[in-house]
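A.B. asks: show me how the following folds:
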Amino acid sequence: MKTPISSKFHAIGLSYKKADAEVRGHFSISEDAQEQILKNAKTSGVEALIVISTCNRTELYGFAQNPNQLIQLLCQHTQGSVAEFENVSYIHEGDHAIQHLFKVGTGLDSQILGDFEIIGQLKVGFKKAKAHHLVNPYMERLINSVIQASKRIKTETEISSGATSVSFAAVQYIMARVPYVSEKNILLFGTGKIGRNTCENLVKHTKNEHITLINRTKEKAQKIAGKFNLLVKDYADIQSEISQTDILVVATGAQKPTISKDIIYTKKPLLILDLSIPKNVSNDVTELENVTLIHLDQLSKMTDDTLKRRQKYIPKAEAIIAQITKEFNAWITTRSFAPTIHALKTKLNDINSLELHNHRKKIDGFNEEQAALISDRLIQKITNRFANHLREANGNAQESIGLIQAIFQLEQKDSE
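C.D. replies: Have a look, this model is predicted:
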């Protein structure tokens, strides 16, 4: 049943499917921009809102009268225009928006199938939305349902077996194409989430003891380096460090390129992996004959045996989503008619009280306690029958609610 509240739920965004890395970069949402979006949501007519911005997608999920309110909010706080957004975007409403969120949150819509990092992003977005009082009961129930589906799919299927996130795909690429990788000098520039994950995968899988970390904030790099006993250099040393490295992994979060050919002086072969959105490595590095540049879009298109094996578990994952979606829809339906059932029960109790009062006056020795017990059970059975009817109304619940309200002269209430 399509309720008024679900029809106001929209999902707008863009992803790797239609938007290349450059365009996705235009709509990438920084921490500051996300705060501004959340602060301005209600003044823009958005009742509830969750924001997601990753390497592969930028999405807003919210309650509004129309999706344009969300689109305007996004474009006002990013570098992209409405026209550019319309060329590569998707807009979902109601049930379609719900299904899209389930697919995203469970890794079925990820560029690398079964990548569960997105659920962490969703949880963070949910937490920030709650801090700004931008979560209504519908949104809370929906997000918790998606989290439940994600957990079940992860434990009940092997869709994440041989887990390969973007960071692991980068390490796979290096190991497949760089001989004697354990002996190569590796420089990791940037220690955000992707940088940390890449660092951990590099240490775990390459057995390399020549990994150096550089971050604009040295303390952050030292914290990670201490965990793995790695070397840390100052940001000011990046040019000299590049000249000594064989593999440069860039995972910075800058809005403009941090690496260009002007700071590369080495003549030996240099493999650069840019894991950043927007791109943090300028394309001009490819003008240098000794440099090979790989961007995360290329890494994410890897179709190895692991990904093919994961595809076999899609039907089971979809079945789990269908089951939890059914439970969520049942909750929506129940929530929509709960005020009517409550009003009906109140009405029947009022009638019952009046009848008990009349019988007490008319009948000597009237057993009011026993009569009350019987009538309470009858009222419960009657209201249960009505509730079950509305639950199984198959799209006609609103018509039945109206009929119940008219017959029993119940006060008309919003069914949201």
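A.B. asks: now do the buried residues in stretch 316-336.
C.D. replies: Judged by neighbour count using 16 or more other CB atoms under 10 Å, the buried positions of stretch 316-336 are 317, 320-321, 324-325, 328-329, 332-333, 335-336. In this view, the C-beta of every residue, glycine as well, is placed from N, C-alpha and C.
A.B. asks: CA-only coordinates of it, as CSV, when you get a sec.
C.D. replies: Taking Å, rounded to 0.1, in the frame of the first residue of the first chain, the C-alpha atoms of stretch 316-336 are listed here in CSV:
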residue,chain,number,x,y,z
LYS,A,316,19.8,-15.4,-2.3
ALA,A,317,20.7,-11.8,-1.3
GLU,A,318,17.7,-10.5,-3.2
ALA,A,319,15.5,-13.0,-1.4
ILE,A,320,16.7,-11.7,1.9
ILE,A,321,16.1,-8.2,0.8
ALA,A,322,12.6,-9.2,-0.3
GLN,A,323,11.8,-10.7,3.0
ILE,A,324,12.9,-7.8,5.1
THR,A,325,11.2,-5.3,2.7
LYS,A,326,8.0,-7.3,3.2
GLU,A,327,8.4,-6.9,7.0
PHE,A,328,9.1,-3.2,6.6
ASN,A,329,6.0,-2.7,4.4
ALA,A,330,3.9,-4.6,6.9
TRP,A,331,5.1,-2.2,9.6
ILE,A,332,4.2,0.8,7.3
THR,A,333,0.7,-0.7,6.8
THR,A,334,0.2,-1.3,10.5
ARG,A,335,1.4,2.2,11.3
SER,A,336,-1.0,3.7,8.8
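A.B. asks: could you shift the numbering so residue one becomes 402, and keep it that way?
C.D. replies: In the new count, where the first residue is 402, that last one comes out as stretch 717-737.
A.B. asks: just to revisit the earlier point, which of the buried residues of stretch 717-737 fall within helices?
C.D. replies: Among these, the ones falling in helices (DSSP state H) are 718, 721-722, 725-726, 729-730, 733-734, 736-737.
A.B. asks: for those, which one is nearest K668?
C.D. replies: A718 (49.1 Å; CB to CB).
A.B. asks: give me every residue that touches that closest one.
C.D. replies: A718 makes contact with 507, 509, 554, 558, 560 under the criterion CB atoms under 8 Å, 6 or more residues apart in numbering.
A.B. asks: please apply the same query to V686.
C.D. replies: Going by CB under 8 Å, 6+ apart, V686 touches 660-662, 665, 673, 692, 694.
A.B. asks: again, 6 Å this time
C.D. replies: 662, 692, 694 (CB atoms under 6 Å, 6 or more residues apart in numbering).
A.B. asks: list buried residues within these.
C.D. replies: 692, 694.
A.B. asks: avg pLDDT for the helix or strand containing I554?
C.D. replies: I554 is located in helix 538-557, with elements delineated by DSSP states H and E. Computed over helix 538-557, the mean pLDDT rounds to 95.
A.B. asks: buried stuff in that helix?
C.D. replies: Those would be 539-540, 543-544, 546-548, 550-551, 553-555, for helix 538-557 by 16+ other CB under 10 Å.
A.B. asks: poorly predicted segments of this structure, please.
C.D. replies: Low-confidence segments of the chain (pLDDT under 70): 402-408, 562-566, 701-706, 795-796, 813-817.
A.B. asks: centre-most residue in the chain?
C.D. replies: Residue closest to the mean C-alpha point of the chain, counted by CA atoms, centre = their mean, is L523 at 3.4 Å.
A.B. asks: and that one, how far from I722?
C.D. replies: Look at L523 and I722: by CB to CB, to the nearest Å, they are 15 Å apart.
A.B. asks: can you tell me the closest non-neighbouring residue to R792?
C.D. replies: Nearest non-adjacent residue to R792, counting by CB to CB, 6 or more residues apart in numbering: T734, 5.9 Å away.
A.B. asks: quick check: E601 vs S416, distance?
C.D. replies: In terms of CB to CB, E601 sits 26 Å off from S416.
A.B. asks: between these two, which one's more packed in?
C.D. replies: Neighbours per residue (other CB atoms under 10 Å) separate E601 from S416, with S416 holding more: 19 against 16.
A.B. asks: need the contact list for the more buried one.
C.D. replies: Contacts of S416 (CB under 6 Å, 6+ apart): 457-458.
A.B. asks: now it: phi and psi?
C.D. replies: phi -150, psi -180 (degrees, to the nearest 10).
A.B. asks: partner residues bridging it?
C.D. replies: Partner residues in beta bridges with S416, using DSSP bridges, are R458.
A.B. asks: mind checking how far it is from R425?
C.D. replies: When distance is defined by CB to CB, S416 is 8 Å away from R425.
A.B. asks: what of F738?
C.D. replies: As judged by CB to CB, F738 and R425 stand 43 Å apart.
A.B. asks: A637 too?
C.D. replies: Look at A637 and R425: by CB to CB, they are 31 Å apart.
A.B. asks: same question, F787
C.D. replies: Distance from F787 to R425, by CB to CB: 51 Å.
A.B. asks: those two: which has the busier surroundings?
C.D. replies: The residue with more neighbours, out of F787 and R425, is R425; 25 against 18, by other CB under 10 Å.
A.B. asks: where does the closest residue to that one other than its chain neighbours sit: helix, strand or coil?
C.D. replies: Among residues not flanking R425 along the chain, I678 sits closest, at 5.6 Å (CB to CB, 6+ apart). Assigned by DSSP: H, G, I helix; E, B strand; the rest coil, the conformation of I678 is coil.
A.B. asks: not counting stretch 760-778 itself, show me its contacts.
C.D. replies: By CB under 6 Å, 6+ apart, the residues outside stretch 760-778 that reach it are 753, 757.
A.B. asks: how about stretch 574-591?
C.D. replies: Stretch 574-591 is contacted by residues 600, 607-609, 611-615, 642, 645-653, 700 when judged by CB under 6 Å, 6+ apart.
A.B. asks: buried ones in that stretch, by neighbour count?
C.D. replies: Buried-residue list, stretch 574-591, by 16+ other CB under 10 Å: 574-575, 579, 582, 585, 587-591.
A.B. asks: in PDB, list the C-alpha atoms belonging to that stretch.
C.D. replies: C-alpha atoms of stretch 574-591 as PDB (Å, rounded to 0.1, in the frame of the first residue of the first chain):
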ATOM      1  CA  TYR A 574      46.600  -4.900  -9.300                       C
ATOM      2  CA  ILE A 575      50.000  -4.200  -7.800                       C
ATOM      3  CA  MET A 576      50.700  -7.900  -7.000                       C
ATOM      4  CA  ALA A 577      49.600  -9.000 -10.500                       C
ATOM      5  CA  ARG A 578      51.700  -6.500 -12.400                       C
ATOM      6  CA  VAL A 579      54.700  -5.700 -10.400                       C
ATOM      7  CA  PRO A 580      57.300  -8.400 -10.100                       C
ATOM      8  CA  TYR A 581      59.200  -8.900  -6.800                       C
ATOM      9  CA  VAL A 582      56.800  -6.500  -5.200                       C
ATOM     10  CA  SER A 583      58.100  -7.300  -1.700                       C
ATOM     11  CA  GLU A 584      61.400  -5.600  -2.700                       C
ATOM     12  CA  LYS A 585      59.900  -2.500  -4.200                       C
ATOM     13  CA  ASN A 586      59.700   0.900  -2.500                       C
ATOM     14  CA  ILE A 587      56.100   1.900  -1.900                       C
ATOM     15  CA  LEU A 588      54.900   5.400  -1.000                       C
ATOM     16  CA  LEU A 589      51.400   5.900   0.400                       C
ATOM     17  CA  PHE A 590      50.300   9.500   0.200                       C
ATOM     18  CA  GLY A 591      47.100  10.100   2.300                       C
END
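A.B. asks: cheers, nothing more for now.
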